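Q: What follows is a protein structure lacking sequence information:
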């Protein structure tokens, strides 16, 4: 058995699943639970609150009861026979257009158990909406650049006379071997001249022509970016014997090879491996140094002090105090190991540690749901702030998005735990978690520790594996594993797929922003670096990523729908082969179901592609913030006399440290196997499993690119009105896009991340 002082802290705390799923735990987390749980299958579903008729735009919410009352899994799935007539989400039915739709509620535990009802949507009342007025244009003209390079894109626009004429044209090219046109975007195919024609969809007698010349592509000069500096970050500068830290290096300037070699000046004190994992061996001091791959530049020395292993000699008496952790009602089992839905492989060890903490500290630990008046988003952090303001915080720890921390800590609704973390946390936070939990020099979250079994394949490209096999095209993950997944290879693969698809089907769909961001990060570019408090928006790699997406859109392989693909869109409808998405969507009860496309539903994953001139070992993937167990202020009124915030933080930190220690002492403990098993439970393509396994601490960095906005879609880079969408889909010049929003973006970023 491994000795506890040599353990690698592992925590399988699935906080990223906030709000996903419709799980309703039927156990009381405050009571002792029998570890042996009998599986009671559902036998029926009762629906109440339904309406037979509604108007367009009208909404109502149904209540669902799964029978029997003691059924083990009460989660259900909602569906509609026609989302064009009526939609349903989380039980809320909305009338969309006139007609009749069937709403079905199906048990996730047994798909044969279901209930349904029909709803008729009326046309919005007695007053019929006015018919849109059609204004026939008297003339149209095409405007834009009349020259394009082979393999490049120019976007043409239409000028209507009169200006208020009904818009809409059909585009054609006189020679698609020279130039192809899609929705006004012209792709240069080969040298020559072609005539682009636009015909009004209102009157096909109204048309305009535009001659365009395709010229030889200029040879791209790839500038070699030599390293000029290396900066090292460690998760802490002090650690006890037997514990581990993580180190990451940033090679300057942006675009330089980010690979480094590591050195510990005194390996007898602490060692560092190729992935930046520091292991404390014996008491003393060592220095960590990183060298650029070419050996020309080295970092400054970063001191790491190793102290003797310590354990508390006494524990505070919390006098029966109930420590409350608050999470979404659908995600209580992410925290509570006694609930049926807890799937962490550390379940048995966490249960043991949980009961020990309750006994040792004379307290109880409870996981409770946010109330209805605190739904996800701005309403939730505003509710947290309002409760703290009156000194009536409802929990000791709130599960929040790290993007909200500045709003909550900035309102003094979070308690600074920096000193407690240093005293009890053993400095076991990962770098990205610590960065996400830090605001204005304070630390406002519970120490949950680094996870050596962490899966970094989060934001990426996901595909319908059965469809890929049916088309007989190569697995994109296989292309990545073989080292060939570049921008050009990505384009080639997409165009091959698109040529095999039917009308209304696309090789790619999803968020344009995610595609661009993932491709930029793959090139090793951080857009928003909170450590140096710098923003990068004008790197040539960022322009090239946008141009690559422009080419895919103009070629018809990339849909312009810009759907975030959470619960709707072409991918879910089986009309696109690949999508930009997030790991937790895969096989989630309320996102991408296990049977989304029928019995042969299988998912694949591949990272975003990298620039053509980069080798695979230079490719990177980014973390974009996380969920935090934020330490709340405003609890003084409920603390028993003599019980302090420090006591509460100590108890909860002890819970997670004990869980990790007990788990590491298990002879079967193997972080690599845990990681692989978790990936295999999600992804069905063996090549994709290997692609996901590729990522580790050494090739991952934290990018705060949208972590200081309320939501990803609220980020100014992501919007369809001013974000990267306008460059890729609407043909806006990249520099014009940057100029239009850079000052606002940078100002907001620096306001939050600058200290002092």
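A: Sure thing, it's come through. All of these numbers come straight from a predicted model, not from anything done at the bench.
Q: Report pLDDT for residue 223.
A: Residue 223 carries a pLDDT score of 77 in this model.
Q: Which residue is the nearest non-sequential neighbour of it?
A: Here the nearest residue to residue 223 in space, its sequence neighbours aside, is residue 540; by CB to CB, 6 or more residues apart in numbering that works out to 7.3 Å. C-beta here means a position set from N, CA and C on the backbone, and glycine is covered the same way.
Q: measure that neighbour to residue 728 for me?
A: In this view, residue 540 and residue 728 are 17 Å apart by CB to CB, to the nearest Å.
Q: now residue 161
A: 29 Å.
Q: With neighbour numbers in mind, choose between those two.
A: For residue 161 versus residue 728, the count of surrounding residues by other CB atoms under 10 Å is larger for residue 728: 31 against 11.
Q: The more buried one reaches residue 549, doesn't it?
A: Yes: applying CB atoms under 8 Å, one finds residue 728 in contact with residue 549, separated by 4.5 Å.
Q: residue contacts, residue 700?
A: Contacts were defined as CB atoms under 8 Å, 6 or more residues apart in numbering; by that measure residue 700 touches 248, 432, 456, 620, 621, 622, 623.
Q: bridging residues for it?
A: Under DSSP bridges, the beta-bridge partners of residue 700 are residue 621.
Q: pLDDT below threshold where in this structure?
A: Judged against pLDDT under 70, the low-scoring parts of the chain cover residues 1-39, 83-84, 124-132, 449-450, 755-756.
Q: the domain parsing of it - what is it?
A: Under the assignment automatic domain parsing, the domains of the chain span 41-122, 139-205, 229-307, 321-453+625-676, 459-623+684-753.
Q: what about the third one, distance to the chain center?
A: By that I understand domain 229-307. Distance of domain 229-307 from its chain centroid, counting by CA atoms, centre = their mean, to the nearest Å, is 28 Å.
Q: distance between the ends of it?
A: 30 Å (CA to CA, to the nearest Å).
Q: and if you look at the first one?
A: Using CA to CA, the end-to-end distance of domain 41-122 comes to 38 Å.
Q: Next: the last one.
A: Here the two ends of domain 459-623+684-753 are set 23 Å apart, with distance taken as CA to CA.
Q: Check which helices and strands the helix or strand containing residue 208 sits against.
A: In this structure, residue 208 sits in strand 207-215 according to DSSP states H and E. Under the contact criterion of 3 or more CB pairs under 8 Å, 6 or more residues apart in numbering; DSSP states H and E, the helices and strands touching strand 207-215 comprise strand 139-143, strand 147-149, strand 185-188, strand 192-200.
Q: Turn those into TSV, columns for distance to residue 298 and mean neighbour count.
A: Shown next, in TSV, are those (distance: least, CB to CB, whole Å; neighbours: other CB atoms under 10 Å):
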stretch	distance to residue 298	mean neighbour count
strand 139-143	54	16
strand 147-149	42	16
strand 185-188	45	25
strand 192-200	53	19
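Q: Quick one, which of those gets closest to residue 417.
A: strand 185-188 (51.8 Å; CB to CB).
Q: Give me the residues contacting that closest one.
A: With CB under 8 Å, 6+ apart as the test, strand 185-188 has contacts from 148-156, 173, 178-181, 196, 212, 214-215, 217, 550-551, 553-555, 731.
Q: Among these, the buried ones, what's the PyMOL command?
A: The following PyMOL command selects only the buried members of the contacts of strand 185-188, with burial defined by 16 or more other CB atoms under 10 Å:
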select buried, resi 148+150+151+152+153+154+155+156+173+178+179+180+181+196+212+214+550+551+553+554+555+731
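Q: Can you list which of the contacts of strand 185-188 are found in helices?
A: Counting by DSSP state H, the members of the contacts of strand 185-188 that fall within helices are 550, 551, 553, 554.
Q: Return the closest of these with respect to residue 140.
A: Minimum separation from residue 140 among those (CB to CB) is found for residue 554, which lies at 20.5 Å.
Q: which residues touch that closest one?
A: 153, 155, 180, 181, 182, 183, 185, 186, 187.
Q: what's the farthest-apart pair in the residues you listed?
A: Pairwise distances among those were taken by CB to CB; the largest, 13.1 Å, belongs to 155 and 180.
Q: could you show me where the helices are in the stretch 351-500 of the chain, in order?
A: Using DSSP state H, counting those that start in this stretch, the helices assigned to the stretch 351-500 of the chain run over residues 378-389, 405-409, 418-424, 431-436, 465-471, 476-481, 487-499.
Q: So for residue 297, which of these sits nearest?
A: Closest to residue 297 of these is helix 431-436 (CB to CB; 21.1 Å).
Q: quick one, which of the domains of the chain is nearest to residue 222?
A: Among the domains of the chain, if distance is taken as CB to CB, the winner is domain 459-623+684-753, at 4.5 Å.
Q: from the middle of its chain, how far away would that closest one be?
A: Its chain's C-alpha centre and that of domain 459-623+684-753 lie 11 Å apart, by CA atoms, centre = their mean.
Q: Going along the chain, name the helices of the stretch 501-650 of the chain.
A: Counting by DSSP H, counting those that start in this stretch, the stretch 501-650 of the chain forms helices over residues 512-522, 540-554, 645-664, given from the N-terminal end onward.
Q: I'd like to know which elements the first one is packed against.
A: Think helix 512-522. With contacts defined as 3+ CB pairs under 8 Å, 6+ apart, helix 512-522 has these neighbours: strand 459-464, helix 540-554, strand 576-582, strand 621-623, helix 724-728.
Q: Need the winner for burial among the ones you listed.
A: Greatest average neighbour count among those goes to strand 576-582 (a mean of 26), per mean count of other CB atoms under 10 Å.
Q: What about the residue nearest to residue 583 when sequence neighbours are not counted, how many residues nearby?
A: Counting by CB to CB, 6+ apart, residue 583 lies nearest to residue 458, which is 4.7 Å off, once chain neighbours are set aside. The tally of other residues near residue 458 (other CB under 10 Å) stands at 19.
Q: residues contacting residue 325?
A: Applying CB under 8 Å, 6+ apart, one finds that residue 325 lies in contact with 335, 365, 366, 367, 368, 395, 396, 397, 398, 399, 629.
Q: quick one: what helix or strand has it in it?
A: strand 321-327.
Q: mind listing what's buried in that strand?
A: Buried positions in strand 321-327, judged by neighbour count with 16+ other CB under 10 Å: 321, 323, 324, 325, 326, 327.
Q: Okay, and the beta partners of the first one?
A: When bridges are assigned using DSSP bridges, the partners listed for residue 321 are residue 363.
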